[in-house]
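J.: turn this into a structure:
(one chain, ligands or ions: 1)
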Amino acid sequence: MIITFRQSLQNDIYDIINIQYESFNEDSVADLTADLLKDDTAEPRISLLAFDGDKPIGHILFTKATIENGDDNTLMHILAPLAVLPEYQNKGIGGMLIKAGLRRLKEIGSKVVFVLGHITYYPKHGFINDAGNLGYPAPYPIPEAVKDAWMVMPLTSEGLINKGKVICAKAMDSPEHWVE
Ligand SMILES: CC(C)(COP(=O)(O)OP(=O)(O)OC[C@H]1O[C@@H](n2cnc3c(N)ncnc32)[C@H](O)[C@@H]1OP(=O)(O)O)[C@@H](O)C(=O)NCCC(=O)NCCS
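T.: Next up, the predicted model:
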């Protein structure tokens, strides 16, 4: 199996939605992805597809984040969503998508990246649990019991800069998208 990656194009939308739907087995993440892909406030966006041959099998999306009353010149991103087709899971493809995405983020000058997700999965790829405790409250409150699920990673040697409450793209700016 040879896996390749590339930035998604406008006409990849149906493949992307299909991957989200098959992986999460429900509509809401697929709908959110479609909305984020046409949301101007999410730009600059990194949207990568993974392929087995010419078959799209995984997708990762990073959308722009800002800090409330913070320095707008510091580029930051939120990872959401990440999905790999069920039959391709546990083969390292999710990890490869994260790695490829982080590389692209660094190339465009992003300084800090956040994710709300599995508390043991993302730390394997450099994320630090409980970003709230590190000075970055999430756009909507994360319950104490799952506070480790809101994570952060610095992308440069400057470390965790421009701290404050994180503001997400408009399409994600609603409490139902902030439940772990
Ligand atoms: C989560 C997901 C993206 C991981 O992709 P993947 O290609 O299967 O992951 P990798 O092969 O890179 O890594 C596999 C590891 O992730 C772990 N993992 C998979 N799903 C997990 C979960 N829900 N919680 C914690 N760990 C998980 C596996 O146990 C495995 O651990 P190991 O390396 O210690 O054996 C994929 O399983 C998926 O699409 N799941 C459904 C959608 C989803 O939950 N997306 C993430 C939203 S935060």
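J.: is the biggest helix by length in the chain in proximity to the ligand?
T.: Secondary structure of the chain per DSSP state H: the longest helix is helix 93-107. Yes. Judged by C-beta under 6 Å from any ligand atom, helix 93-107 and the ligand are in contact via 93-95. (Glycine included, C-beta is placed from N, CA and C.)
J.: the top strand by length along the chain: which residues count as buried?
T.: Secondary structure of the chain read by DSSP state E shows that its longest strand is strand 55-67. Under the neighbour-count criterion of 16 or more other C-beta atoms under 10 Å, strand 55-67 has 56-67 buried.
J.: same deal with stretch 83-95?
T.: For stretch 83-95, by 16+ other C-beta under 10 Å, it's 83-85, 88, 93-94.
J.: can I get it in PDB, CA atoms only?
T.: Taking Å, rounded to 0.1, in the frame of the first residue of the first chain, the C-alpha atoms of stretch 83-95 are listed here in PDB:
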ATOM      1  CA  ALA A  83     -10.900  11.000   9.800                       C
ATOM      2  CA  VAL A  84      -9.700   7.800   8.300                       C
ATOM      3  CA  LEU A  85     -12.000   5.300   6.500                       C
ATOM      4  CA  PRO A  86     -12.800   2.400   8.900                       C
ATOM      5  CA  GLU A  87     -11.000  -0.200   6.800                       C
ATOM      6  CA  TYR A  88      -7.800   1.900   6.800                       C
ATOM      7  CA  GLN A  89      -7.800   2.700  10.500                       C
ATOM      8  CA  ASN A  90      -4.900   1.600  12.800                       C
ATOM      9  CA  LYS A  91      -2.400   1.500  10.000                       C
ATOM     10  CA  GLY A  92      -0.700   4.800  10.900                       C
ATOM     11  CA  ILE A  93      -2.600   6.900   8.400                       C
ATOM     12  CA  GLY A  94      -4.100   9.300  10.900                       C
ATOM     13  CA  GLY A  95      -0.600   9.900  12.400                       C
END
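J.: what sits up against that stretch?
T.: Stretch 83-95 has contacts (C-beta atoms under 8 Å, 6 or more residues apart in numbering) with 1, 3, 19-20, 22-24, 29, 50, 52, 57-60, 82, 97, 121, 124-125.
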